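>>> model this:
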Amino acid sequence: MTDDARFEDGAERPLRLVAQDTEDLAVISSLAQDAVFPAREVLWRPRERRFALLLNRFRWEDTAGTVRKTRPPERVQSVLAISDVMRVSSQGIDRENGDLVLSLLSIAFEPGEDGAGRLELVLAGDGAIALEVEAIDVTLRDVTRPYAAPSRRVPNHPD
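Below is the predicted model of the structure:
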């Protein structure tokens, strides 16, 4: 008999997740919530139909040590890559200011016809990045070792 995987089982391993439907996307969205990134780390390659962000992701999957106060909250650099992107648009973002730090709140999908649709990356401060996609094909992959969050705090979202 095998045991089901537990959320905590991945606490010490780098993430590499792929979303190809809305349920998978919800998992990636929850793990990327509160990620921060400078505007210069947004990459759009129209010929390759690929969009990517280099995020400083809060490690939501490993907050047990933080809650027990055995270590500070951690972040890790991660790549959020989206394939099959046909068009990108944004609002509320000064694209000329590469040092502008953006905070990702969520990733949502609005379906269109035949699996196509619109991915929306909702940012703090009323900003958003919209991606017209042929299908959901999103990858979240940690690319560095975790490090202590500079704020030393767990992100908080009061009601």
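>>> Backbone torsions only: list them for Ala32.
phi -90, psi -10 (degrees, to the nearest 10).
>>> Could you pull up the residues touching it?
Under the criterion of C-beta atoms under 8 Å, 6 or more residues apart in numbering, the neighbours of Ala32 are 55, 57, 78, 80, 104, 107, 140. Where you see a C-beta, it was placed from the backbone N, CA and C, and this is true even at glycine.
>>> any idea which of these has the most stuff around it?
Counting neighbours by other C-beta atoms under 10 Å, Arg57 leads the contacts of Ala32 with 28 neighbours.
>>> ok so, going back, distance to Arg71 and pLDDT for the contacts of Ala32 - can I get that in CSV?
Listed next are the contacts of Ala32 as CSV, based on distance: C-beta to C-beta, whole Å; pLDDT from 0 to 100:
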residue, distance to Arg71, pLDDT
Leu55, 21, 97
Arg57, 17, 96
Ser78, 19, 98
Leu80, 25, 98
Leu104, 24, 97
Ile107, 28, 98
Leu140, 23, 98
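>>> Which of those residues fall in strands?
With DSSP state E as the criterion, strands contain 55, 57, 78, 80, 104, 107, 140 from among those.
>>> Among the residues you listed, which one lies nearest to Val18?
Leu140 (8.2 Å; C-beta to C-beta).
>>> Point to the residue nearest the middle of the protein.
Ala32 (3.3 Å; C-alpha atoms, centre = their mean).
>>> Which residues are in contact with Arg16?
Taking C-beta under 8 Å, 6+ apart as the test, what Arg16 contacts is 139-142.
>>> Report the buried members of these.
139-140, 142 (16 or more other C-beta atoms under 10 Å).
>>> Considering only helices and strands, which part of the protein has the lowest mean pLDDT?
helix 64-67 (a mean of 65; mean pLDDT, DSSP states H and E).
>>> All the helices of the protein, residue numbers only.
22-32, 64-67 (DSSP state H).
>>> Tell me which of the ones you listed lies nearest to Gly127.
helix 22-32 (15.1 Å).
>>> Identify each buried residue in the closest one, please.
So helix 22-32, judged by 16+ other C-beta under 10 Å, has buried residues 25, 28-29, 31-32.
>>> want to try JSON lines for those residues, with distance to Asp99 as columns?
JSON lines is the format used below for the buried residues of helix 22-32 (distance: C-beta to C-beta, whole Å):
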{"residue": "Leu25", "distance to Asp99": "29"}
{"residue": "Ile28", "distance to Asp99": "26"}
{"residue": "Ser29", "distance to Asp99": "26"}
{"residue": "Leu31", "distance to Asp99": "26"}
{"residue": "Ala32", "distance to Asp99": "21"}
